[in-house]
Every structure is written in structure tokens, then in C-alpha cells.
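In: heads up, no residue letters with this:
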């Protein structure tokens, strides 16, 4: 046992001495492994970060344990034929549908409604384009977990009395009320002056599209301005995670009863929930990983080829040393293991530096962009196992060549 420990320790020391004897060559050899490992880990961090970014943004916009019904609402992509069939079949949802669902969804902790339009806003000579105007029930603040930074959200009393009040998004606050308290100010929307009672906290952007260029007003006030026959989105929320799917099924069954659908009749409304959206994101990022990760692993293969080339050079340079060791009794197996340890050590060092490079770049990207780079243990292990495996594979041929050297021939080449 002691013999084997001593042998491996001596082989390790010889490998380290060989690497430090040719520092520049070793560094140039490691560049391929470093770049390969850093690429794999960074790709993994980007994919994981993209997943986190999208899911977090969706949760900020839609809340948790939340589902939505609308005339057309889908999870994922539809073919043109599916879209046209849904467009012909599905019915608009109105206030009566919302009230029916609120009465009959026993598993729902909240049921709310929302109508949408888009307007350009003007205030004291300044203009903001494409603002999303959302008529809402008072409980949408709980359903979508809205964060109000200043003031308050719309109250139930204001919905019941069609009050002319509004809660604005951060883009409107920064555009029209920079350095000024917006609460109590009047902003004209659709030609009607609305009193600002609250400002929603900044939500940021999603793929470059601002999530803060919007405002809320009571759904009843929205109806007076743009008409009560607007198609609504009906939103529901479960009290906890365990009741979420049950709440969705209760809501779906209630709406089917409301629309007198029986048996195999297709739903004539769309239904979207945050769980399904998150699954779509997982599938999307999973597909990216399947395509991109093997491509980045090719850079490790290139690094392995460089390691093999350097090890072949090392064998050629150390022919006399190999011959002398064999003449003194070293066995072919010992020579083989010595060079395998050296190539593996090179790859391991390259893998470590690659991880440090990936961690540094991830930190810089996280600090300078909205994308949170998340280095996962899975990609770390993948990169290290592949780089270590490539180091062993790349060293097999040079080590085998060194082990087969005839000591007499090797000593004559001094």
C-alpha cells in the first residue's frame, strides 16, 4: 500500500516539475481547456439565468398561483388553423361572466376582471406613446401581487362608484412627474381627467419591452369611457400552491356551465396559468441547452487535441529520461501512469482556471445587465468531468508511446 502511495506521489511531483519547467508552454496549452470550460459554464449560467429572468418577470407581472381566462388565451404557440378555429369558436367574456365565476369558483381565493386598451398620453406638452390602459377590479392588486411604491391601489368603493382615479406605472411617473409628487395630480386619459392615487413600483423590462408604461383605473370607469361591452380578461387566484390546480379546474367547469357546454364540447374560452407559462420557459431553455451545450463542448475537444500534441512533444524531449528510468527498473505501467497523471493534471488546472474565468465573467454580466447569471453545479460537474476525461484520453497515446520506448534506443538518443 505504501509503495503505491509513494509511486503516485512521486509521479505527481514529476508532473508538477515538468509543468513548471515549461511554464509558457503549459499556459498556452491550458488556454484551450480554460476557454472550453469557461464556455460550457457560461452557457449553462446564461441558460439558467434566462430561465430565472423570464420566470421572475412573469411572476412580477402575473403574480403567483394565478390564472387568467379570456376570449383567446393560449399556453405556447398555435398553428394558423388552430388560431382561426379558436377565433370562430370562442366567445367574448363580459361582466356577467365575471360575476358568475366569482360566485361559483369555490376553490378561488379571489376572482377579478380586467379590460385593456392602448392610448397615447399628453401632459403639459409632453407625450408618451403606447401606454397600456387597464380597467381593473380592486382585488387585482392581490391577484397579481402588485407592489405599490407610492400612495395606494384602487379601492372597492371607487370601482362601485366609477370613480375617476388612476394608479400609474413607473414610466409615466418618470416622464411626466420627474421631481414632483404625482399623488393628487390629474392626468387626462381618453379625454377624461383622472386623479392619481398611486404609483406602482418599477417592474423593469422583458426582452427590451417596458413593463412600466401602463396605468390602472376602475373597471366601471373604463366601461363608461370606452364602453361596457369590452371583452374582459377574468383573473383568478388560489389561496395556496396545493389548491392551485383545483381552483383552475373549478373555474373551467364553472365557465363551461355558464356557456352551456356539455360532454366533448371544446372550451369556447382561453385559459392560461403561470405554471404552464413556466413549463413553456423550461422547455424553451431546455431546447437551447440541448443545441448549444454540445457545440461549446467541441471547444474542450480542441483543447484536448492541444494537450495531446504537447504531451507528444514532451515524450520526444524526455526520451533519455524515460530510457534511464526503464533501465533502472521502471516498468511500462509506471511510465504510462506518469504521463497520464501529467496530462490529467494539465486539464484539471485548466478546468479550475476556466471556472474562475466563468465566475468572473458571470459576475460582470450580472452587474451590468438585467440577466442574472446562475452558475449551476450540473454544468460545473459537466465541464470538469469532460475536461478531465479529455485530459486522460489526450494523454493515452503519448503515454502509451512513452511506455513502449526501448531503453537502449532511448539512451542512445541523448
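Out: Right, received. Where do you want to start? Everything quoted here is computed from the prediction, not taken from an experiment.
In: Please enumerate the strands of the stretch 51-200 of the chain.
Out: Remark: strands of the stretch 51-200 of the chain, listed N- to C-terminal, are 66-70, 108-123, 126-136, 148-151, 165-168, 186-189, 192-200; assignment by DSSP state E, counting those that start in this stretch.
In: model confidence over the fifth one, on average?
Out: Averaging pLDDT along strand 165-168 yields 97.
In: do the second one as well
Out: Along strand 108-123, the predicted local confidence has a mean pLDDT of 94.
In: And that strand, how far out from the chain middle?
Out: Between the centre of strand 108-123 and the centre of its chain there are 28 Å (C-alpha atoms, centre = their mean, to the nearest Å).
In: which helices and strands does it pack with?
Out: helix 95-104, strand 126-136, helix 140-143, helix 170-176, strand 186-189, helix 219-226, strand 233-238, helix 244-258 (3 or more C-beta pairs under 8 Å, 6 or more residues apart in numbering; DSSP states H and E). From N, CA and C alone the C-beta is placed, and that goes for glycine too.
In: what's in contact with the longest one?
Out: Pointing back at helix 244-258 there. Residues lying outside helix 244-258 but in contact with it, judged by C-beta atoms under 8 Å, 6 or more residues apart in numbering, are 65, 67, 69, 97, 100-101, 104-109, 111, 236-238, 265, 267, 269, 271, 273, 275.
In: Now the buried members of these.
Out: When neighbours are counted using 16 or more other C-beta atoms under 10 Å, these contain these buried positions: 65, 67, 69, 97, 100-101, 104-105, 107-109, 111, 236-238, 269, 271, 273, 275.
In: quick one: the residue nearest to residue 192 when sequence neighbours are not counted from residue 161, how far?
Out: Take residue 192 and drop its neighbours on the chain: the residue closest to it by C-beta to C-beta, 6 or more residues apart in numbering is residue 225, 5.6 Å away. When distances are taken as C-beta to C-beta, to the nearest Å, residue 225 and residue 161 turn out to be 15 Å apart.
In: got a list of what the closest residue to residue 303 other than its chain neighbours touches?
Out: The shortest distance from residue 303 to any residue other than its chain neighbours is 3.0 Å, reached at residue 32 (C-beta to C-beta, 6+ apart). Residue 32 makes contacts with 299, 300, 302, 303, 304, 305, 306, 307, 350, as judged by C-beta under 8 Å, 6+ apart.
In: Using a markdown table, lay out the residues you listed together with distance to residue 356 and pLDDT.
Out: Output for those, formatted as a markdown table (distance: C-beta to C-beta, whole Å; pLDDT from 0 to 100):
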| residue | distance to residue 356 | pLDDT |
| --- | --- | --- |
| 299 | 17 | 71 |
| 300 | 16 | 69 |
| 302 | 20 | 73 |
| 303 | 16 | 72 |
| 304 | 20 | 71 |
| 305 | 23 | 73 |
| 306 | 20 | 72 |
| 307 | 19 | 71 |
| 350 | 11 | 81 |
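In: For the residue nearest to residue 192, report the pLDDT, please.
Out: At residue 225, the predicted lDDT confidence score is 93.
In: I'd like the numbering to begin with 39 instead of 1 from here.
Out: Sure, I'll start counting at 39 from here, so that last one is residue 263.
In: Tell me, how many residues neighbour it?
Out: 18 (other C-beta atoms under 10 Å).
In: show me what contacts it?
Out: 227, 228, 230.
In: and it, how far is that from residue 256?
Out: Using C-beta to C-beta, which is the criterion applied here, residue 263 is 10 Å from residue 256.
In: if we can go back for a sec, how far away is the residue nearest to residue 341 from residue 77?
Out: 11 Å.
In: what touches both of the two?
Out: Shared between the contact lists of residue 70 and residue 77 (criterion: C-beta under 8 Å, 6+ apart) are residues residue 337.
In: you'd agree residue 255 is in a helix?
Out: No: read with DSSP: H, G, I helix; E, B strand; the rest coil, residue 255 is strand and lies in no helix.
In: Please name the bridge partners of it.
Out: residue 173 (DSSP bridges).
In: and if you look at residue 146?
Out: Assessed by DSSP bridges, residue 146 has beta-bridge partners residue 276.
In: Save the contacts of residue 70 as CSV, and put in neighbour count too.
Out: Written out in CSV, the entries for those read as follows (neighbours: other C-beta atoms under 10 Å):
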residue, neighbour count
337, 18
338, 27
340, 14
341, 29
342, 24
343, 13
344, 18
345, 28
388, 30
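In: Now, those residues that are in helices?
Out: 337, 338, 340, 341, 342, 343, 344, 345, 388 (DSSP state H).
In: Please report the distance of the third one from residue 325.
Out: Looking back up the chat, that one is residue 340. In this view, residue 340 and residue 325 are 25 Å apart by C-beta to C-beta.
In: Next: residue 139.
Out: When distance is defined by C-beta to C-beta, residue 139 is 35 Å away from residue 325.
In: Equivalent analysis for residue 79, please.
Out: Here residue 79 is placed at a distance of 20 Å from residue 325 (C-beta to C-beta).
In: Same check on residue 110?
Out: Between residue 110 and residue 325 the distance, using C-beta to C-beta, works out to 25 Å.
In: Nearest residue to the residue nearest the centre of the chain in space, please, no chain neighbours.
Out: Note on the chain: the residue nearest the mean C-alpha position is residue 89, at 1.6 Å, using C-alpha atoms, centre = their mean. The shortest distance from residue 89 to any residue that is not its chain neighbour, by C-beta to C-beta, 6+ apart, is 4.5 Å, and that residue is residue 323.
In: Which helix or strand contains the one you found?
Out: Assigned by DSSP states H and E, residue 323 belongs to helix 312-355.
In: if we can go back for a sec, who has more neighbours out of residue 79 and residue 325?
Out: Remark: of residue 79 and residue 325, residue 79 carries more neighbours, 27 against 11, as counted by other C-beta under 10 Å.
In: where's that one, which helix or strand?
Out: Using DSSP H and E, residue 79 sits within helix 61-100.
In: one step back: of the strands of the stretch 89-238 of the chain, which stretch is the most buried?
Out: Per-stretch averages of neighbours, counted by mean count of other C-beta atoms under 10 Å, single out strand 203-206 among those, with a mean of 25.
In: Could you list the paired strands of that one along with their orientation?
Out: Strand 203-206 has the following sheet partners, assigned by DSSP bridges: strand 230-238 (parallel), strand 252-256 (antiparallel).
In: Which among those is found nearest to residue 223?
Out: Comparison of those against residue 223 by C-beta to C-beta identifies strand 230-238 as nearest, at 5.1 Å.
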